[in-house]
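In: All I have is the shape, not the residue letters:
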């Protein structure tokens, strides 16, 4: 019997999708799958946080993109994000979005 062992990239936030107001982030892994219990509401708009995002594209904020320059300080930037005032929302009370709701389509990941 084979057991599924997730890759490192599937366990950590790769990008966050913003809600329409810009204060709530839903976390997605490298495979663009929603991370359970990965919804955060911030007191300020996270898109304005300095020194955290490797890339910002429309309503998606990226912590890394597979490039070694974005991976080397990944945990430092993730830690910096989580030091901002926030609360974790329950999946049932939040409006869970899918990555396919994003207008931007990366040519590397056509769907």
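Out: That came through, no problem. Keep in mind that what you see is a predicted model, and the values were worked out from it rather than measured.
In: Which strand residues bridge the nearest residue to residue 24 once chain neighbours are set aside?
Out: In space, and not counting its chain neighbours, residue 24 is closest to residue 41: 4.8 Å by C-beta to C-beta, 6 or more residues apart in numbering. The way it works is simple: take the backbone N, C-alpha and C, and place the C-beta from them, glycine included. In this entry, residue 41 is beta-bridged to residue 24, residue 87, by DSSP bridges.
In: Let me know how buried residue 41 is, in neighbour terms.
Out: Using other C-beta atoms under 10 Å, residue 41 has 16 other residues around it.
In: now do the one 5 residues further on
Out: When neighbours are defined as other C-beta under 10 Å, residue 46 has 22 of them.
In: And for residue 80?
Out: If you count neighbours by other C-beta under 10 Å, residue 80 ends up with 14.
In: Check the one 10 residues further on too.
Out: Number of residues near residue 90 (other C-beta under 10 Å) recorded here: 8.
In: Surely the residue nearest to residue 24 touches residue 23?
Out: Yes - taking C-beta atoms under 8 Å as the definition, residue 41 is a contact partner of residue 23 at 5.8 Å.
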